[in-house]
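**Q** just coords:
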């Protein structure tokens, strides 16, 4: 039977590992996932990138959601799973954290930003779609509540959007390239809390395995990629990772 002790051994034997995280690591912080019953998309339909750009009404709807915290990640804190990953990075065992999450909790747990590869962006700030300038959400919210005007770039007056990758928006080339390079350089690829159904991100575990790395998946539910894995553990991520990393401390 797969066990936390087996996971601990895989981590102990690794020289350069990559951790790949999905929504399941953050549900233990009280953040709802997107696709399951009761998740974000069952409560509100996604706004596609093309509609956001083309329609002032859809932009206003998107900003009302963002400022109102309707997605559920505002004010949440890292949990034991995030902290276990941070310890692996701090120890030098983990070279990179590739994440599908946009909640900024890996950064909040102490993982340096330059070790985190965000495939789907970050919901804790916004960027201009024209010039790329960063805008802080608190400043945008204050201005929006005072004037009712939709956020616009202070530098070029371009459309401003939360720094997440929306449906219909191109995947960011630089993070994807970094993720591929780290995947090909690792000897252990550890998936935590991803259903592995969203491509191209879900292709990285298989790429790692085909390149000779060990593949471990810790997720509450089975995934389509489980047959490729050297270890599949259906377990709570925080307790499993706390036990596995404490064995290596």
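**A** That came through fine. Just so you know, these numbers come straight off a predicted model, no measurement behind them. Residues are numbered from 1 along each chain as shown.

**Q** drop to CA atoms for contacts and neighbour counts, all remaining ones
**A** Will do.

**Q** isn't there a strand covering residue 117?
**A** Yes - Residue 117: assigned to a strand according to DSSP: H, G, I helix; E, B strand; the rest coil.

**Q** what sits against it?
**A** By C-alpha atoms under 8 Å, 6 or more residues apart in numbering, residue 117 lies in contact with 96, 97, 98, 99, 175, 178, 179.

**Q** okay, and the beta partners of it?
**A** residue 98 (DSSP bridges).

**Q** biggest strand in this structure by residues?
**A** Ranked by residue count under DSSP state E, the longest strand found in the chain is strand 121-128.

**Q** what mean pLDDT does that one have?
**A** Strand 121-128 shows a mean pLDDT of 93.

**Q** C-terminal to that strand, what's the next element?
**A** Sequence-wise, the next helix or strand downstream of strand 121-128 (DSSP states H and E) is strand 134-136.

**Q** neighbouring strands - and their directions - for that next one?
**A** strand 121-128 (antiparallel).

**Q** what residues of the one helix or strand residue 238 maps to count as buried?
**A** Element membership for residue 238, per DSSP H and E: helix 237-246. Under the neighbour-count criterion of 16 or more other C-alpha atoms under 10 Å, helix 237-246 has 237, 238, 240, 241, 242, 243, 244, 245 buried.

**Q** same check, this time on stretch 217-226
**A** So for stretch 217-226, counting by 16+ other C-alpha under 10 Å, buried means 217, 218, 219, 220, 222, 225, 226.

**Q** which SS state does residue 232 fall under?
**A** Using three-state DSSP, the three-state assignment for residue 232 comes out as strand.

**Q** ok, now which ones touch it?
**A** If a contact means C-alpha under 8 Å, 6+ apart, then residue 232 has 2, 216, 217, 218, 219, 226 as its contacts.

**Q** just residue 153 next, same as before
**A** Here residue 153 is in contact with 128, 133, 135, 159, 160 (C-alpha under 8 Å, 6+ apart).

**Q** most surrounded residue in these?
**A** Neighbour counts for the contacts of residue 153 (other C-alpha atoms under 10 Å) peak at residue 160, which has 25 neighbours.

**Q** helices and strands of this structure: which one has the lowest mean pLDDT?
**A** helix 40-43 (a mean of 52; mean pLDDT, DSSP states H and E).

**Q** that older thread, residue 203: which of the contacts of residue 232 is nearest?
**A** Among those, residue 226 lies closest to residue 203 (C-alpha to C-alpha), at 12.7 Å.

**Q** re the thing from before, tell me the least confident of the buried residues of stretch 217-226?
**A** Least confident of these in the model: residue 220, at 91.
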